[in-house]
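In: Using only what follows, build the 3D model:
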Amino acid sequence: MSSFKDLVAQREKLDSQINAMMQREKAEGIAKAKEIIEQFGLEVGDLFGRKGVAKGKRGRPAKKGPASKKRVGKKRGKVAAKYKNPSTGETWTGRGKAPKWIAGKDRTKFVIK
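Out: You can find the predicted model right below:
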């Protein structure tokens, strides 16, 4: 019967043989693929089904239609506070997540007049 150390040594030997064989076969496969690509003048689109994509361009083609509306040079102003905590004076605009002092309560009590 083999000892634990013997089995580990065998496994390490097999792992190194597997890695060497994989590297060798991988290199052979790459060489064959390059040969076929050069022989037939193939491109990435031919291999992976991305026909219609111009050489050097990546991703999805741009949508045709009106240009997207971007805010250039225009900044939004601050929004006035709508609610105020009477005990601390803390204010809230009513946008975003409600602060703890107003969450779950009737907001009419906190409206700034």
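
In: Nearest residue to the middle of this protein?
Out: Nearest to the mean C-alpha position of the chain, by Cα atoms, centre = their mean, lies Gly59 at 13.9 Å.

In: and that residue, that's in a helix?
Out: No: with DSSP: H, G, I helix; E, B strand; the rest coil as the criterion, Gly59 is coil rather than part of a helix.

In: I'd like to know which helix or strand in the chain has the lowest mean pLDDT.
Out: Sorting the helices and strands of the chain by mean pLDDT, DSSP states H and E puts helix 44-48 at the bottom, at a mean of 82.

In: Tell me the helix or strand right after that helix.
Out: Per DSSP states H and E, the first helix or strand lying C-terminal to helix 44-48 is strand 83-84.

In: So this structure: which segments form each domain?
Out: Following automatic domain parsing, the chain resolves into domains at 4-48, 79-113.

In: Take the ones you listed and write them to a markdown table, including mean neighbour count and distance to Lys64.
Out: The way it works is simple: take the backbone N, C-alpha and C, and place the C-beta from them, glycine included. Shown next, in a markdown table, are the domains of the chain (neighbours: other Cβ atoms under 10 Å; distance: least, Cβ to Cβ, whole Å):
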| stretch | mean neighbour count | distance to Lys64 |
| --- | --- | --- |
| domain 4-48 | 10 | 21 |
| domain 79-113 | 11 | 35 |
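
In: Same list (those) but as CSV, adding distance to Gly73.
Out: Shown next, in CSV, are the domains of the chain (distance: least, Cβ to Cβ, whole Å):
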stretch, distance to Gly73
domain 4-48, 40
domain 79-113, 20
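
In: Figure out which of those domains is closest to Val72.
Out: Val72 sits nearest to domain 79-113 of all the domains of the chain, at 21.4 Å, using Cβ to Cβ.

In: now the closest one: mean pLDDT?
Out: Domain 79-113 shows a mean pLDDT of 93.
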